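Chemist: Pasting a predicted model and its sequence here:
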Amino acid sequence: MSLHIDHVITSGIFSLDGEDFDVDNNIWLVGDDREVIIIDAAHDHRPIIESVGGRNVKAVICTHAHNDHINAAGELAEAVDAPIWLHPDDTMLWEVVYNDRRVDAPLKDGQLIMLGCDELEILHTPGHSPGGVCVYAPSIGTVFSGDTLFNGGPGATGRSFSDRQILIDSIERQMGNLDPAVIVHTGHGDSTSIGAELPNVAKWRSE
């Protein structure tokens with residue numbers, strides 16, 4: 001049974017460095033009719049549970065630990081009886097939101113996750129945050145980029161724990177060899193493609 005994607009949008013507050021911003025977040029569910037992985041858990045767990053629709057949740061994967069991508073993870077994981085996975089380099093950000101709840105398992109670069117008969121691959125892409133990751137689903141030609149790569153360029157930097165050149169290096173290293181037709185489903189805003197974004201790496205470096 002082939003993988004399919006469900007999409008949920010929730011709204012709330014992103015807080016970092018003493019500032020608050022209103023944001024809309026994309027939550028992506030990847031799976032089949034029996035099992036699903038949730039990519040990011042933002043703001044409100046209830047519409048995510050509705051989209052799960054009774055399927056088994058293998059894991060809640062956090063692309064990074066900024067509050068707007070994890071602030072529904074605890075309630076969601078408890079409600080669907082699923083583990084939370086996060087790259088350990090973002091532990092300090094996780095602990096800003098959760099001082100009494102640990103992540104269940106670490107993500108690492110190159111990790112393969114079986115989902116039905118398909119595999120997902122974790123791509124470590126530091127820069128927006130140290131533990132940022134993308135989730136690549138080769139069988140459906142899709143990468144879920146969190147806040148690493150957006151429609152129009154790399155994710156935001158200039159705040160605590162971020163570095164623009166490291167982020168651009170990560171994008172080029174991890175996504176530069178992907179097929180241009182691969183769809184990029186982002187953490188905020190519209191989707192894009194590898195072919196629309198990666199040719200602009202040199203321009204990003206000069207900006």
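Modeler: Cool, got the structure. None of these values were measured; they are calculated from a predicted model.

Chemist: Look through this protein and tell me its longest helix.
Modeler: In the chain, with assignment by DSSP state H, the single longest helix is helix 164-175.

Chemist: ranges for the helices of this protein?
Modeler: 45-52, 67-70, 73-80, 91-97, 164-175, 194-197, 201-206.

Chemist: okay, these, which one's buried deepest?
Modeler: Among the helices of the chain, ranked by average contacts under mean count of other Cβ atoms under 10 Å, first place goes to helix 67-70 (a mean of 26). In this view, the C-beta of every residue, glycine as well, is placed from N, C-alpha and C.

Chemist: Point out where the protein drops to low pLDDT.
Modeler: 1 (pLDDT under 70).

Chemist: Now do the closest residue to A82 other than its chain neighbours against P83, distance only.
Modeler: Nearest residue to A82 in three dimensions, chain neighbours excluded: V57, at 3.8 Å (Cβ to Cβ, 6 or more residues apart in numbering). From V57 across to P83, the span is 9 Å (Cβ to Cβ, to the nearest Å).

Chemist: Just want to know which of the two has more residues nearby.
Modeler: For V57 versus P83, neighbours defined as other Cβ atoms under 10 Å are more numerous around V57 (21 against 13).

Chemist: if we can go back for a sec, now distance to A105 too, for the helices of the chain, in a markdown table please.
Modeler: A markdown table is the format used below for the helices of the chain (distance: least, Cβ to Cβ, whole Å):
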| stretch | distance to A105 |
| --- | --- |
| helix 45-52 | 19 |
| helix 67-70 | 15 |
| helix 73-80 | 12 |
| helix 91-97 | 13 |
| helix 164-175 | 21 |
| helix 194-197 | 28 |
| helix 201-206 | 32 |
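
Chemist: Please name whichever of these is nearest to G152.
Modeler: helix 194-197 (7.9 Å; Cβ to Cβ).
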